[in-house]
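> what follows is a predicted structure for the sequence shown.
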Protein chains: 2
Amino acid sequence: MRMEADVRIEPLKLYAGWFCPFVQRVWTVLEEKAIPYQYIEVNPYHKPESLLKLNPRGLVPTLEFENKPLFESNVVCEFLEEQYPDHGSKLLPADPFERAKMRISMDFVTTRIIPSFHRFLQFQPDQASGSIDEVRNEYLKNFKEFALQMEATGPFFTGKEPMLVDFVLAPFALRNWVFDHFKGGLGIPDGGNGGQDEEIWKRWRSWASAVEERPSLQQTMSDKEHYLPIYQR
Amino acid sequence: MRMEADVRIEPLKLYAGWFCPFVQRVWTVLEEKAIPYQYIEVNPYHKPESLLKLNPRGLVPTLEFENKPLFESNVVCEFLEEQYPDHGSKLLPADPFERAKMRISMDFVTTRIIPSFHRFLQFQPDQASGSIDEVRNEYLKNFKEFALQMEATGPFFTGKEPMLVDFVLAPFALRNWVFDHFKGGLGIPDGGNGGQDEEIWKRWRSWASAVEERPSLQQTMSDKEHYLPIYQR
């Protein structure tokens, strides 16, 4: 994780939590587009007055733009794309139909993938209904459905360069190791072992590798040991 | 409800259910922007092959554009705004910050108002936890929070003319009479009876009246008696 952003004083401020995948979406987009910003780490147990004045619920990410607040990570990402059109590469397709298709995939992440991520993560062996295999399979089924929406050659969702949909899912995919650590395994088959789904998993693996290697995502992640106490709960 | 749209043959097709509030969002935007389209009523128990080919889950609304499908009502509405910039009035603000603010309010409808609408609607007196007053109060609290986001004079959310956020919430607000019919009353105070919240409820009532009188919304509603069997379940 890069922290030198902390010391810059910029009119654009990101109120953040280093561990939060929703923050990482916005943080990554700021880095990708090389938009100057000030990173402000928020202690969730002692939120700064400057944040509470902007956003009484004190949620992160909150973006301060010209002394006014914006929140909801996907909305903030789209705002950055629209407000800074000449910074970095385009993160949304120019064509309205293609842009709508990308928003449908972003919505799939919000309404299908993330809830199944949390059900898997929060599964307790003593809970009354369901088994861990069910929640795991539901999570993987959503990944397969997502991979089927991708352009065929990749490695990113729509081709050689990452777009907003990649940065919307990546923070969750980059936390998938917690299932190996705490939940008996994520369950995505290794290369060549995907059986009848091998082609789909191959596409998923090429996407996941490309995302893992992306500098903007590496710079906005911390070392695994720092996440352990958070996901252990 | 106007049905003459059915007979037009247009390249843009709306697969719809007359009773569905999510369909009504898209339908209203098509009417507001005077975009030529063909309305196709879908029997949910016997979905047409043409729809299943576009959208295997057969959900409505599905928009067919150049033989390709789009779904998710808010995404479809934004697509219509972007694809037909010269049709009718603008439904999203031109300024990126204002547009982001409107998307935050649209997200508030999705993540807060609609779930509380359904909890209130589905409340059964014999259910183990909670009382109908709790689910009613939660629903009304969300309306108040929404009203507080509105521009002060109105009558619509941002002023004299309706924008997308109005059409995103309106189909639900227009169904509020079902709470009077089935759930012992919606509970929004009449004019002058709002107590310390009177100013907020006044703003809400002026918004609700403006929405009720909007021709595009009237034309995409049916008579109440047709909704009764649907909400009685």
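Cool, got the structure. Numbers count the residues shown, from 1 in each chain, chains lettered A, B, ... in the order given.
> does anything pack onto the helix or strand hosting residue A:147? Which helices or strands?
Using DSSP states H and E, the element containing residue A:147 is helix A:132-149. Using 3 or more CB pairs under 8 Å, 6 or more residues apart in numbering or on different chains; DSSP states H and E, the elements in contact with helix A:132-149 are helix A:96-108, helix A:114-122, helix A:198-213. (Each C-beta comes from the backbone N, C-alpha and C, glycine too.)
> in CSV, list these along with mean neighbour count.
Listed next are the helices and strands packed on helix A:132-149 as CSV, based on neighbours: other CB atoms under 10 Å in any protein chain shown:
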stretch, mean neighbour count
helix A:96-108, 19
helix A:114-122, 17
helix A:198-213, 17
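> so which of those comes closest to residue B:49?
Comparing the helices and strands packed on helix A:132-149 against residue B:49 with CB to CB, the closest turns out to be helix A:96-108 (22.0 Å).
> re the thing from before, wait, which of the helices and strands packed on helix A:132-149 is closest to chain B?
The closest of the helices and strands packed on helix A:132-149 to chain B is helix A:96-108. By CB to the nearest CB, the value is 3.9 Å.
> what strand or helix carries the most centrally placed residue in chain A?
Centroid-nearest residue in chain A: residue A:171, 2.9 Å away (criterion: CA atoms, centre = their mean). Assigned by DSSP H and E, residue A:171 belongs to helix A:164-173.
> looking at chain A, which helix or strand is least sure?
helix A:224-232 (a mean of 87; mean pLDDT, DSSP states H and E).
> which elements pack onto that helix?
On a contact count with 3+ CB pairs under 8 Å, 6+ apart, helix A:224-232 meets helix A:177-182.
> mind exporting the helix it packs on as CSV, just the C-alpha atoms?
Taking Å, rounded to 0.1, in the frame of the first residue of the first chain, the C-alpha atoms of helix A:177-182 are listed here in CSV:
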residue,chain,number,x,y,z
TRP,A,177,-7.5,-15.7,-0.4
VAL,A,178,-9.5,-15.2,2.8
PHE,A,179,-11.6,-18.2,1.8
ASP,A,180,-8.5,-20.4,1.5
HIS,A,181,-7.4,-19.1,4.9
PHE,A,182,-10.6,-19.3,6.9
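> that one - contacts with which helices or strands?
So helix A:177-182, by 3+ CB pairs under 8 Å, 6+ apart, packs with helix A:114-122, helix A:224-232.
> at 10 Å instead, please
The contact analysis (3 or more CB pairs under 10 Å, 6 or more residues apart in numbering or on different chains; DSSP states H and E) places helix A:177-182 against helix A:114-122, helix A:132-149, helix A:224-232.
> how big is the angle separating the least confident helix or strand of chain A from helix A:114-122?
90 degrees (axes from the mean of the first three to the mean of the last three CA atoms, to 10 degrees).
> could I get helix A:224-232 in PDB with only the CA atoms?
Only the C-alpha atoms of helix A:224-232 are listed here, as PDB (Å, rounded to 0.1, in the frame of the first residue of the first chain):
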ATOM      1  CA  LYS A 224      -2.300 -10.000   3.900                       C
ATOM      2  CA  GLU A 225      -1.300 -10.200   7.600                       C
ATOM      3  CA  HIS A 226      -3.000  -6.800   8.100                       C
ATOM      4  CA  TYR A 227      -6.400  -8.100   6.800                       C
ATOM      5  CA  LEU A 228      -6.300 -11.300   9.000                       C
ATOM      6  CA  PRO A 229      -7.700  -9.700  12.200                       C
ATOM      7  CA  ILE A 230     -10.500  -8.100  10.100                       C
ATOM      8  CA  TYR A 231     -11.700 -11.200   8.400                       C
ATOM      9  CA  GLN A 232     -11.100 -13.400  11.400                       C
END
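> could you pull out the buried residues of that helix?
Neighbour-count burial for helix A:224-232 flags A:227, A:231 (criterion: 16 or more other CB atoms under 10 Å in any protein chain shown).
> list of residues touching that helix?
A:1, A:17-20, A:121, A:175, A:177-179, A:181-183, A:221 (CB atoms under 10 Å, 6 or more residues apart in numbering or on different chains).
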